[in-house]
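**Q** Pasting the sequence and the predicted model now:
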Amino acid sequence: MKITLVTFVFKNRIYFDVEVNPMVDKPIVIKKRAETILQIIPGNQDLRYKGVLLEKDQVLGYYGMQDGDEILMETNGMTGTFTINLHNSDGFISNFSVDYYNTVLQIKKLVQTFYGTFISRQCLMFEGKELEESKKLEDYFIGPRSILTLKII
């Protein structure tokens with residue numbers, strides 16, 4: 001069966017297909033293929049299927065993968081948890097630790113906790129575009145050291 005491995009290198013998505021036998025193969029098969037293509041050692045890779053971290057001792061079939069499914073590869077320094085900068089209208093800059101799976105609403109909740117500004121009064125923007133609460137950071141290709149702008153409405 002073929003699965004598609006998805007990873008980010010800075011803001012760029014990279015896709016490649018890997019042939020696997022879900023009844024026999026474990027995540028190391030995918031990690032070794034990624035090492036061949038991206039030169040990232042398996043120890044620096046985490047694989048996620050539908051948000052679930054793949055355990056090294058489980059065969060891929062355990063997770064119910066189907067032909068054509070996508071697996072997200074997170075690597076040190078390129079994906080996973082990273083820092084974004086948030087600029088507000090007063091020129092104040094805050095740093096938040098986030099990951100690609102965070103929704104804009106989750107970021108707004110962090111802002112509410114940090115600034116005390118109600119979610120309903122926040123408008124988060126990235127590269128001049130207003131961000132939708134239901135979308136994830138990965139939907140906007142927001143990555144390490146990205147700068148978000150907070151407008152109070």
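**A** Received the coordinates, thanks.
**Q** residues near Met65, how many?
**A** By the criterion of other Cβ atoms under 10 Å, Met65 has 19 neighbours. The way it works is simple: take the backbone N, C-alpha and C, and place the C-beta from them, glycine included.
**Q** distance of it from Pro22?
**A** Distance, Met65 to Pro22, by Cβ to Cβ, to the nearest Å: 6 Å.
**Q** Need the overlap of contacts for those two.
**A** Residues touching both Met65 and Pro22 by Cβ atoms under 8 Å, 6 or more residues apart in numbering: Met1.
**Q** Next up, the contacts around the residue nearest the centre of the chain.
**A** Residue closest to the average C-alpha location in the chain (Cα atoms, centre = their mean): Tyr100, at 2.5 Å. By Cβ under 8 Å, 6+ apart, Tyr100 lies in contact with Phe8, Leu72, Glu74, Thr79, Gly80, Lys136, Leu137, Glu138, Ile142, Gly143.
**Q** what's across from the first one in the sheet?
**A** This means Phe8. Judged by DSSP bridges, the bridge partners of Phe8 are Arg13.
**Q** Find me the pLDDT at it, would you?
**A** Reading off the confidence values, Phe8 has pLDDT 71.
**Q** what does the third one give?
**A** Model confidence at Glu74, expressed as pLDDT, equals 81.
**Q** Is it in a helix, a strand, or coil?
**A** What DSSP: H, G, I helix; E, B strand; the rest coil gives for Glu74 is strand.
**Q** Just give the number of residues close to it.
**A** 19.
**Q** so it bridges to which residues?
**A** Going by DSSP bridges, Glu74 is paired in beta bridges with Asp46.
**Q** Okay, it and Leu53: tell me how far apart.
**A** Distance from Glu74 to Leu53, by Cβ to Cβ: 9 Å.
**Q** who touches both of the two?
**A** With Cβ under 8 Å, 6+ apart, Glu74 and Leu53 have common neighbours Asp46, Leu47.
**Q** what bits of this protein have low per-residue confidence?
**A** Within the chain, the segments meeting pLDDT under 70 span 9-12, 39, 76-82, 144.
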